[in-house]
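Asks: here's a sequence, model it:
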Amino acid sequence: MRRFAPSILTLVLVALGCAGCDEQLRDVAGPTPNLEPTFASIQRDVFSARDSSGRPACNSCHSAGGARFTGNLSLAEGAAYQNLVGVASTGKAGAIRVVAGNPDASYLMKKILGTDIVGERMPRLGPYLSDGQIRIIRRWIELGARND
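Replies: Numbers count the residues shown, from 1 in each chain. Sure thing, here's the model as predicted:
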């Protein structure tokens, strides 16, 4: 019986540690408290709307009538998904905008993080997406980047 005591203690400690990791999305989403890892939510709360940090809607530039240097990427409702998932970037050769299931290979993630990109981090004039917003977009991609 004595041999099992360390194993039981380890299981109890792991269970207690996991209980503290149960974050609510509302707690990590920052200036977009209703943001969820679904395309509909990202379209509504990130691409199409300003947030409380003052970040402009992405489609204020990334639209048919938006700014001149947008990489030919419209994030307007009804066009954004088809322009992102599985589509080659026009700004960086060999890059795919969103690789379903693989956020690290998705150029969208690199642009919002400002790593290994051509041009500037997005949104260009800031403020940038919060860590929580980025985590939720990353999670949507991890879950398969569904049009949900």
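Asks: buried sites along stretch 115-128?
Replies: 117, 122-123, 128 (16 or more other C-beta atoms under 10 Å). Where C-beta positions appear, they are placed from N, C-alpha and C, glycine not excepted.
Asks: could those be laid out in TSV, adding distance to Arg44 and pLDDT?
Replies: Shown next, in TSV, are the buried residues of stretch 115-128 (distance: C-beta to C-beta, whole Å; pLDDT from 0 to 100):
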residue	distance to Arg44	pLDDT
Ile117	25	97
Met122	18	95
Pro123	17	93
Tyr128	19	96
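Asks: Gly94: which of the residues you listed is nearest?
Replies: Nearest to Gly94, judged by C-beta to C-beta, of those is Ile117 at 12.7 Å.
Asks: how close does that closest one sit to Pro31?
Replies: To Pro31, Ile117 is 23 Å away according to C-beta to C-beta, to the nearest Å.
Asks: what does Ala49 give?
Replies: 10 Å.
Asks: doesn't Gly94 make contact with Ala105?
Replies: No. Assessed by C-beta atoms under 8 Å, Ala105 is found out of contact with Gly94, at 10.5 Å.
Asks: those two - which one has more neighbours?
Replies: Ala105 (14 against 7; other C-beta atoms under 10 Å).
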